[in-house]
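Enquirer: Structure here, sequence nowhere to be found:
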């Protein structure tokens with residue numbers, strides 16, 4: 001039985017909501033009866049149920065037009081899920097300053113820009129609004145190969161806490177620190193199906209997350225069930241990582257009897 005989150009009829013923007021984790025988030029909100037608007041730089045190859053608007057979230061003019069257009073068409077904006085982000089593998093010693101700049105812009109400054117424009121709308125609404133940042137466990141642990149990405153996500157977690165204080169009580173701002181997720185592009189990060197299964201076994205819950213599981217957490221934070229939750233960062237990582245030293249240690253191992 002599906003829990004009623006009170007999201008029916010809500011107007012929800014999911015940035016980068018056309019594939020991967022973003023698509024899973026969009027599908028969860030749609031399943032709860034919300035009207036979902038997604039955006040990305042390019043139109044999806046497969047048409048989605050959600051309303052799509054092309055937008056580069058790094059561009060101030062495009063973001064302003066995106067938010068203004070949503071309000072013009074639907075009269076309000078209740079929820080924003082700042083999901084757009086990501087980074088290629090690039091060792092810090094070899095990556096160019098330009099690449100690092102682009103990664104920080106996409107993963108930290110763009111969510112701030114979208115949140116600013118959305119907050120301006122939500123502050124004028126009687127019911128305010130909710131903003132959910134899709135962050136990463138890379139912001140709370142070492143992120144080799146994606147150092148600028150991890151630093152940007154750490155900044156996003158801090159930004160979440162700051163905006164929650166500045167924009168209260170009308171607007172709640174929370175974040176999800178997401179771990180490894182099985183998406184259509186999982187092979188680009190982890191390799192073969194066998195490798196994906198092996199990587200999943202390093203997680204205490206024994207598998208990678210499904211995009212819809214991230215979406216369910218985002219929907220909870222956006223809903224009235226989380227009406228007293230703001231400035232929080234919820235870890236969605238299946239228990240995190242088993243400390244490597246446990247496998248190397250030769251004491252305190254419990255043998256099966």
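Expert: Good, I have the coordinates. What you see is a predicted model; the values in this text were computed from it and never measured.

Enquirer: can you pull out the helices in the stretch 101-250 of the chain?
Expert: 110-122, 147-167, 186-190, 193-200, 211-222, 244-248 (DSSP state H, counting those that start in this stretch).

Enquirer: mind listing what's buried in the third one?
Expert: By neighbour count on 16 or more other CB atoms under 10 Å, the buried set for helix 186-190 is 186, 190. Heads up, the C-betas are built off the backbone N, CA and C, glycines and all.

Enquirer: Summarise which helices and strands that helix is packed against.
Expert: Helices and strands touching helix 186-190, by 3 or more CB pairs under 8 Å, 6 or more residues apart in numbering; DSSP states H and E, are helix 193-200.

Enquirer: Listing request: residues of the stretch 51-200 of the chain with sub-threshold pLDDT.
Expert: Residue ranges of the stretch 51-200 of the chain with pLDDT under 70: 188.

Enquirer: and the helices of the stretch 101-250 of the chain as TSV, adding distance to residue 228?
Expert: TSV is the format used below for those (distance: least, CB to CB, whole Å):
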stretch	distance to residue 228
helix 110-122	17
helix 147-167	12
helix 186-190	35
helix 193-200	34
helix 211-222	12
helix 244-248	37
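
Enquirer: and residue 57, what element?
Expert: Following DSSP states H and E, one finds residue 57 outside all helices and strands.

Enquirer: quick one: contacts for the closest residue to it other than its chain neighbours?
Expert: Leaving aside its sequence neighbours, residue 57 sits nearest to residue 110 (CB to CB, 6 or more residues apart in numbering; 4.3 Å). Counting by CB atoms under 8 Å, 6 or more residues apart in numbering, residue 110 touches 15, 57, 58, 63, 82, 84, 85.

Enquirer: Look up the pLDDT of residue 46 for me, please.
Expert: Confidence at residue 46, expressed as pLDDT, is 63.

Enquirer: try residue 2
Expert: 70.

Enquirer: burial count for residue 13?
Expert: 29 (other CB atoms under 10 Å).

Enquirer: So it, which state does it fall into?
Expert: Three-state assignment for residue 13 (DSSP: H, G, I helix; E, B strand; the rest coil): strand.

Enquirer: So it versus residue 50, what's the distance?
Expert: 10 Å (CB to CB, to the nearest Å).

Enquirer: joint contacts of those two?
Expert: Common neighbours of residue 13 and residue 50 (CB under 8 Å, 6+ apart) are 36, 37, 38.

Enquirer: What strand or helix carries the first one?
Expert: If you go by DSSP H and E, residue 36 is part of strand 35-40.

Enquirer: so what does that strand touch, helix or strand wise?
Expert: Partner elements for strand 35-40 (3+ CB pairs under 8 Å, 6+ apart): strand 11-15, helix 20-31, strand 51-54, helix 60-74.

Enquirer: If we use 10 Å, what do you get?
Expert: strand 11-15, helix 20-31, strand 51-54, helix 60-74, strand 79-82 (3 or more CB pairs under 10 Å, 6 or more residues apart in numbering; DSSP states H and E).

Enquirer: Out of the ones you listed, which gets nearest to residue 243?
Expert: Among the helices and strands packed on strand 35-40, the nearest to residue 243 by CB to CB is helix 20-31 (26.1 Å).

Enquirer: would you list the shared contacts of residue 13 and residue 50 in CSV and tack on distance to residue 160 and neighbour count?
Expert: Formatted as CSV, the shared contacts of residue 13 and residue 50 follow (distance: CB to CB, whole Å; neighbours: other CB atoms under 10 Å):
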residue, distance to residue 160, neighbour count
36, 22, 25
37, 22, 25
38, 21, 28
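
Enquirer: ok, so of these, who is nearest residue 217?
Expert: The closest of the shared contacts of residue 13 and residue 50 to residue 217 turns out to be residue 36 (CB to CB; 16.3 Å).
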